[in-house]
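Colleague: need coordinates for the below:
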Amino acid sequence: MTRTPLRLVVLGDSIAYGTGALRPEDTLGRRLSAELTADGFDIELRVLAVPGAVSADLAAQVRRAEPFGADLAVVVIGANDLARFVPPDQAAASLATAVAALRAQGTDVVAVPAPDMSTVPFVPPAFRALVRAACAQLQQRQAAVVEAAGGSVAGVAADVAGTFAADPAMFSADRFHPSSAGYAHIAAALAPSVLAAARARRDDAAA
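Modeller: Numbers count the residues shown, from 1 in each chain. Predicted coordinates:
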């Protein structure tokens with residue numbers, strides 16, 4: 001089977017970067033690359049994510065991505081916006097601008113909304129409902145602006161949150177970032193959305 005070259009860029013925060021993974025091959029970008037390779041793509045990967053990034057920081061990452069000429073971007077953002085109390089409309093607007101800029105460069109976009117921070121072990125039980133509601137509000141706004149800007153949204157938040165809430169092994173030693181096992185689960189949840197975007201681009205190119 002002839003492999004179709006595909007340039008993949010991963011943008012966003014520490015989850016996109018892979019903080020907490022024990023090995024480079026356990027990180028999100030490398031795991032998604034492996035999924036795409038198994039599907040017949042020849043992958044060139046760039047991870048431009050920056051730990052600690054908020055949505056407003058995506059603009060600089062998008063500028064850094066431009067010379068790469070990415071075919072597909074996976075954008076993982078929102079956890080730090082929540083942790084720093086960035087207003088949801090402000091965070092969503094920054095994400096919308098980034099997605100629109102990527103689309104203008106000819107890059108297809110799969111966005112991964114903010115995680116449900118209520119599953120983080122050190123969040124006090126009394127505050128989890130409040131945190132969950134705040135996360136849901138940002139997730140909804142992110143989804144709306146990404147779709148309006150021409151990107152697609154990976155609807156994995158509920159699946160990932162349920163798994164992380166039920167299994168402490170999904171978290172790394174800092175009890176905040178995913179572990180290698182956590183990244184494996186996130187990547188498996190994301191794979192259908194990423195594969196669908198890559199296949200659609202391949203089919204369009206072949207048409």
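
Colleague: okay, and residue 165 sits in which element?
Modeller: In the assignment (DSSP states H and E), residue 165 maps to helix 157-166.

Colleague: poorly predicted segments of the chain, please.
Modeller: Where the chain drops to pLDDT under 70, the residues are 1-4.

Colleague: what's the longest helix along it packed up against?
Modeller: Counting by DSSP state H, the longest helix found in the chain is helix 180-206. The contact analysis (3 or more CB pairs under 8 Å, 6 or more residues apart in numbering; DSSP states H and E) places helix 180-206 against strand 4-12, helix 28-38, strand 72-76, strand 108-112, strand 152-153, helix 157-166. Any C-beta I mention is one placed from the backbone N, CA and C, and that applies to glycine too.

Colleague: what is the neighbour count of residue 35?
Modeller: When counting by other CB atoms under 10 Å, one arrives at 18 neighbours for residue 35.

Colleague: I'd say it and residue 193 touch.
Modeller: No: the criterion here is CB atoms under 8 Å, and residue 35 misses it with residue 193 at 10.8 Å.

Colleague: hang on, the earlier thing: now do the buried residues in the helix holding residue 165.
Modeller: Residues of helix 157-166 classed as buried by neighbour count (16 or more other CB atoms under 10 Å): 157, 160, 161, 163, 164.

Colleague: how far off centre is that helix?
Modeller: Relative to its chain's centre, helix 157-166 lies at 15 Å (CA atoms, centre = their mean, to the nearest Å).

Colleague: who's the residue positioned nearest the centre of the chain bridged to?
Modeller: In the chain, the residue lying closest to the centroid (CA atoms, centre = their mean) is residue 76, at 2.5 Å. Assessed by DSSP bridges, residue 76 has beta-bridge partners residue 12, residue 112.

Colleague: ok, and the closest non-adjacent residue to residue 136?
Modeller: For residue 136, ignoring the flanking residues on the chain, the nearest one in space by CB to CB, 6 or more residues apart in numbering is residue 116 at 7.7 Å.

Colleague: which of the helices and strands packed on helix 180-206 sits most buried?
Modeller: For these, ranked by mean neighbour count under the definition mean count of other CB atoms under 10 Å, the leader is strand 72-76 at a mean of 27.

Colleague: ok, back up a step: could I get the buried residues of helix 157-166 as CSV with distance to residue 39?
Modeller: Below are these laid out as CSV (distance: CB to CB, whole Å):
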residue, distance to residue 39
157, 24
160, 22
161, 27
163, 23
164, 26
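
Colleague: from these, pick the one nearest residue 44.
Modeller: For these, the minimum distance to residue 44 (CB to CB) is 26.8 Å, reached by residue 160.

Colleague: wait, that closest one sits on residue 189?
Modeller: Yes: using CB under 8 Å, residue 160 makes contact with residue 189 at a distance of 5.7 Å.

Colleague: got the buried residues for the longest helix of the chain?
Modeller: Residues of helix 180-206 classed as buried: 180-191, 193-195, 197-198, 201-202 (neighbour count, 16+ other CB under 10 Å).
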